[in-house]
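Asks: Please find the sequence and the predicted model below.
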Number of protein chains: 2
Amino acid sequence: MQIAILLYDGVVALDAVGPYDVLKLMPGADVRLVAATAGPVRTDGPLSLVADAAIDEVARPDIVVVPGGPGAVAASRDERLLAWLRAAHEHTQITASVCWGSELLGAAGLLDGVQATTHWLVHDELARHGAIGVDERVVASGRIMTSAGVSAGIDMALRLVATTAGEDVARRIQLILEYAPEPPFAGAGSAATADQAVVAQMRAGYARSRG
Amino acid sequence: MQIAILLYDGVVALDAVGPYDVLKLMPGADVRLVAATAGPVRTDGPLSLVADAAIDEVARPDIVVVPGGPGAVAASRDERLLAWLRAAHEHTQITASVCWGSELLGAAGLLDGVQATTHWLVHDELARHGAIGVDERVVASGRIMTSAGVSAGIDMALRLVATTAGEDVARRIQLILEYAPEPPFAGAGSAATADQAVVAQMRAGYARSRG
C-alpha cells in the first residue's frame, strides 16, 4: 500500500503531518513524502519538511494526499504537479486533499462534478472547479476524499484507513495517537459556531489578500 | 516571544507539528525548531523535519515544547539535551511536553513533585521521575504543562496560547486551524473507553518491547 503525500513550498505542515502520522500506522503502509524534487521543502513557517522522493519516482501510488497551505495557489499553477496528480489518480484507490489542497485537485480537473469540502475561508472557490461544495468536515465522493481546514486531515485520514484497511485498524490508530480531542473552546473551531464578528473579520482579511 | 520546539531522532512528527502550527500563529511568536545540531532530524518514520537551529543557539526561550516518540528514551540519556532543558527552564514562562516528551522533562529533573501526564501506555512511568501522574489530557502544574499522547499536543498548545496570549487569540487560532474535531470512532481514542482487549494487547506489546 504505497501512500504519497505531496509537499510544496508554502504547505501547512500540520495538513501533511496529521494524515502522515495516521496513515503510516496502517499495516503494510509505505508512506512517501514527495515533491517536485526530493529534499527540504519550506512550509508556510520556519519549519521545513524533507521530501524523500521526487514525484517522478512515485508514479503509481495507491493513495495520494494533497495538503493545503498558502502555497496552494502557486502549486496549482505548476503543470508538473498537476500532470503527476492526474496520472496518479487514474490508478489510486483514493485521492485526497486536506484544507486548500483542494485547489490542486481542482486545478488538475479532478473535482469536476465531485462533492467536496475545503477550508471554510475558501469554500466558495470549490465551485470554480466544478465541484459541489459540501459543508461537512470530511467528504467522500467516489475515489475523491476531501477535508475541511488543517486539523480536519486527521479525521479524514482515520476515515481513509477505515475505508481501505477496516474499522478495527482505524480504531487502533485512534488509540495509539490518543485521539480523544478536547478543544479548549467549544464552537470556536468552526465558522458556523465561532464568534461571527471574528469570522467576518477573517473573511474580509482574506478578500483583501486576494485583491 | 521565542518558542523552542526540541527535535531528536525518533520523535513523532505530529507531537511536534501539532503544537508548532498552533504556536506559530500567536502574534509575535518566533518559533525555532531546535536539535542537538541544526539540520534534518529523522522522525520515527520516513519523514524528516529540519531543525533550523542548534540548542546552543536558543539558550533562553520563553516557551519550550518537548515532543515525544520512540526516540525519547535515547534522547533522555543525552546529557547535552538535559543540560539545555534545565538551563532553559530556569527562565521559561512554560516548559511543556507532549506524549512521551515527559521522559526528557523527567530525566532533566523537572517533574519532581509536579502533576503531569503522558501517553497512556507509559503513564505509570511518570512516578519514576517523582511526578504525580494525573489522568487528564492536559495538565498544568506551575510552569510545567504536559499532555497525553500525540494528538493531545494540539489541545495543550491551544491551552498554552490561552494562558500566555489570552483566550481571544486561542479562539482565533482554533478557527484558523478549523479545530472542531470529529473523531470517527467515539471512545476509541482513550484507553479508558476503548476496547479493553485491544488496550490489554497493546500494554502487553509495550511491556515485551521494554524487556
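Replies: Yep, that arrived. Residues are numbered from 1 along each chain as shown, chains lettered A, B, ... in the order given.

Asks: quick one: pLDDT of A:L105?
Replies: Listed pLDDT for A:L105 reads 98.

Asks: Which helix or strand contains it?
Replies: helix A:102-107 (DSSP states H and E).

Asks: Which helix or strand lies directly C-terminal to that helix?
Replies: Following helix A:102-107 in sequence order, the next helix or strand is strand A:115-116 (DSSP H and E).

Asks: Counting by contacts, list what that next one packs against.
Replies: Counting contacts by 3 or more CB pairs under 8 Å, 6 or more residues apart in numbering or on different chains; DSSP states H and E, strand A:115-116 is packed against strand A:132-133, strand A:138-141. From N, CA and C alone the C-beta is placed, and that goes for glycine too.

Asks: In the sheet, which residues pair with A:T95? Tell me.
Replies: Beta-bridge partners recorded for A:T95 (DSSP bridges): A:V64, A:I144.

Asks: Give me the neighbour count for it.
Replies: 25 (other CB atoms under 10 Å in any protein chain shown).

Asks: Now do the contacts for it.
Replies: By CB atoms under 8 Å, 6 or more residues apart in numbering or on different chains, the contact set of A:T95 is A:63-64, A:66, A:85, A:88-89, A:105, A:110, A:143-145.

Asks: Just confirm A:V64 contacts A:A96, I think it does.
Replies: Yes - taking CB atoms under 8 Å as the definition, A:V64 is a contact partner of A:A96 at 6.7 Å.

Asks: how far away is A:G45 from B:V22?
Replies: 11 Å (CB to CB, to the nearest Å).

Asks: what residues are up against the nearest residue to A:R128 once chain neighbours are set aside?
Replies: Leaving out its chain neighbours, the residue that sits closest to A:R128 by CB to CB, 6 or more residues apart in numbering or on different chains is A:G106, at 6.9 Å. For A:G106, the contacting residues are A:76, A:125-126, A:128-131, by CB under 8 Å, 6+ apart.

Asks: let's see it at 7 Å
Replies: A:G106 sits next to A:126, A:128-129, A:131 when contact means CB atoms under 7 Å, 6 or more residues apart in numbering or on different chains.

Asks: For those, pick the one with the most neighbours.
Replies: A:A131 (25 neighbours).

Asks: Excluding chain neighbours, give the residue nearest to that residue in space.
Replies: Nearest one to A:A131, counting by CB to CB, 6+ apart, is A:L111 at 3.8 Å.

Asks: Can you report how many residues lie near that neighbour?
Replies: As a burial measure, A:L111 scores 27 neighbours (other CB under 10 Å).

Asks: Distance-wise, check it relative to A:Q201.
Replies: Using CB to CB, A:L111 is found at 29 Å from A:Q201.

Asks: what's the pLDDT at the residue positioned nearest the centre of chain A?
Replies: Central residue check for chain A by CA atoms, centre = their mean: the C-alpha nearest the mean position is that of A:V98, 1.8 Å away. pLDDT for A:V98: 98.

Asks: now do A:R210
Replies: 82.

Asks: Does A:T164 touch A:A96 like I think?
Replies: No - A:T164 lies out of contact with A:A96 (CB atoms under 7 Å); the separation is 10.8 Å.

Asks: the more surrounded of those two?
Replies: Using other CB under 10 Å, the more surrounded residue of A:T164 and A:A96 is A:A96, with 29 against 18.

Asks: quick one, what contacts that one?
Replies: Counted by CB under 7 Å, 6+ apart, A:A96 has contacts A:63-66, A:145-146, A:156, A:160.

Asks: could you redo the last one with a cut-off of 10 Å?
Replies: Applying CB atoms under 10 Å, 6 or more residues apart in numbering or on different chains to A:A96 gives the contacts A:3, A:5, A:19, A:23, A:63-67, A:102, A:105, A:138, A:140, A:143-147, A:153, A:156-157, A:159-160.
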